[in-house]
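# Here is a sequence with its predicted model. Questions after.
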Amino acid sequence: MVGPTKEFWEQRFREGHTPWDRGAVNPQFSAWLAAGALKPCRILVPGCGSGYEVAALAQAGYEVTGLDYAPDAIKRTRKLLGAANLKAELVEVDALAWRPQRPYDAIYEQTCLCALYPDDWRAYADQLHRWLVPAGKLYALFVQMLRAGAAEGAIQGPPYHCDITAMRALFPEPLWSWPKPPYPRTTHPLGLAELAVVLVRRG
């Protein structure tokens, strides 16, 4: 397998080596909730990690599913939910192979895409489209972390740089509706940034 394996991620969660973890919900996520841009619905959080957004959505009354294939990530999310007496569906599975029983109204995509090796992006983008109902919304935070090796063609990560031009090709207009830029930008202590884009599934 090219890129990070399940064992790679499981070791990091097990050892607590998670420098991307803010210890709280993403600021842009909070802004979407506060502005009412993210309406109560049936929503999926792939690559849910420690589960902050899963817990926040459950607290706000959403029907939420958290998805991750690292067992210790699911354990963290379950512990967080239990401490707050909250309920959510948690699924331990490879996102590239998973088929839910019915589609979702919305998806919150923050950490799954940038954690996947770019060779798998096409398959994952197809999954996102498949998981949503027609006119369903993808609340995406595209990681901006251009590394020095990129000038020589190196693919470095995770997290992998999600260039907005590449994202336009990955989520093309015939299948998705894009808002006009500029897009809100959120910084991260790790030195990266995230561009917030809400895509609407067509078809």
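Noted; the coordinates are in hand.

# what about the residue nearest to Pro158 when sequence neighbours are not counted, neighbour count?
Using Cβ to Cβ, 6 or more residues apart in numbering and skipping residues adjacent in sequence, the residue nearest Pro158 is Ala115, 4.9 Å away. To be clear about C-beta, it is placed using only N, CA and C from the backbone, and glycine gets the same treatment. Residues lying near Ala115 (other Cβ atoms under 10 Å) number 23.

# which residues sit in contact with Ala115?
Pro4, Trp9, Gly47, Pro158, Pro159, Tyr160 (Cβ atoms under 8 Å, 6 or more residues apart in numbering).

# do Trp9 as well
Tyr69, Ala70, Ala73, Ala115.

# Quick check: which helices or strands does whichever strand in the chain runs longest pack against?
As assigned by DSSP state E, the longest strand anywhere in the chain is strand 132-144. Applying 3 or more Cβ pairs under 8 Å, 6 or more residues apart in numbering; DSSP states H and E, one finds that strand 132-144 contacts helix 27-35, strand 104-109, helix 112-115, helix 164-170, strand 193-201.

# mind putting the ones you listed in JSON lines, distance to Leu90 included?
Output for the helices and strands packed on strand 132-144, formatted as JSON lines (distance: least, Cβ to Cβ, whole Å):
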{"stretch": "helix 27-35", "distance to Leu90": "18"}
{"stretch": "strand 104-109", "distance to Leu90": "15"}
{"stretch": "helix 112-115", "distance to Leu90": "15"}
{"stretch": "helix 164-170", "distance to Leu90": "27"}
{"stretch": "strand 193-201", "distance to Leu90": "24"}
